[in-house]
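[1] okay, sequence plus prediction incoming.
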Amino acid sequence: MNKTITDGIVFTPPKFVFGLHHWSSQDGTPGQDDYDNELNAAFVPADQDFSGCSELTKTQAVQKLRAFYQTPLSPGCYLRIRTRVKLVSGAFPTVSIAGWPGATGNVHLTGVNEAGPVTSLNT
């Protein structure tokens, strides 16, 4: 079933051009720090590979970038998450896609996958 068409649900988080205040440096839950006005983050409008992207300088062992965005899911449905990452300079990091699963009332939902496999960048 295609929920995007049948229910009008928007699954895509806001584009970086709309501001880094939409992007959390923690778990993406309300009240956490964002990347707006941070020295290690910037919106790059003319990136040749992404035509507008967020550029982060890694300052922590685990550098998080999560949208302040809630994606509703219905029983029997799944959510496939994809991203593209480009290394501009420095040591090759490992990356993983993760999310904070929340239930009604912004309570952490346990027993579900929260992170994908770790991938090492090598080019």
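    Arrived safely, thanks for sending. Everything numeric in this text was worked out from a predicted model, so none of it was measured.
[2] what about residue 34, distance to residue 14?
    Note on residue 34: its distance to residue 14, by CB to CB, to the nearest Å, is 12 Å. (Each C-beta comes from the backbone N, C-alpha and C, glycine too.)
[3] hang on, I meant residue 28
    From residue 28 to residue 14 the distance is 12 Å (CB to CB).
[4] joint contacts of the two?
    Shared contacts of residue 28 and residue 14 (CB atoms under 8 Å, 6 or more residues apart in numbering): 67, 69.
[5] picking up where we left off before, overlap of the contact sets of residue 34 and residue 14?
    residue 22.
[6] strands along this structure, start to end?
    23-24, 41-44, 53-56, 66-67, 94-95, 102-103, 107-108, 119-120 (DSSP state E).
[7] for residue 87, which of those strands is the nearest?
    When the strands of the chain are compared by CB to CB, strand 94-95 sits nearest residue 87, at 9.4 Å.
[8] next one, pLDDT for the closest residue in space to residue 71 that isn't next to it in sequence please.
    Closest residue in space to residue 71, ignoring its immediate chain neighbours: residue 11 at 5.8 Å, by CB to CB, 6 or more residues apart in numbering. Looking at residue 11, its pLDDT reads 80.
[9] before we move on, what about residue 119?
    For residue 119, pLDDT reads 94.
[10] my guess is it contacts residue 95. True?
    Yes. Contact criterion CB atoms under 8 Å: residue 119 and residue 95 qualify, at 5.6 Å.
[11] those two: which has the busier surroundings?
    When neighbours are counted by other CB atoms under 10 Å, residue 119 and residue 95 differ, and residue 95 comes out ahead with 16 against 12.
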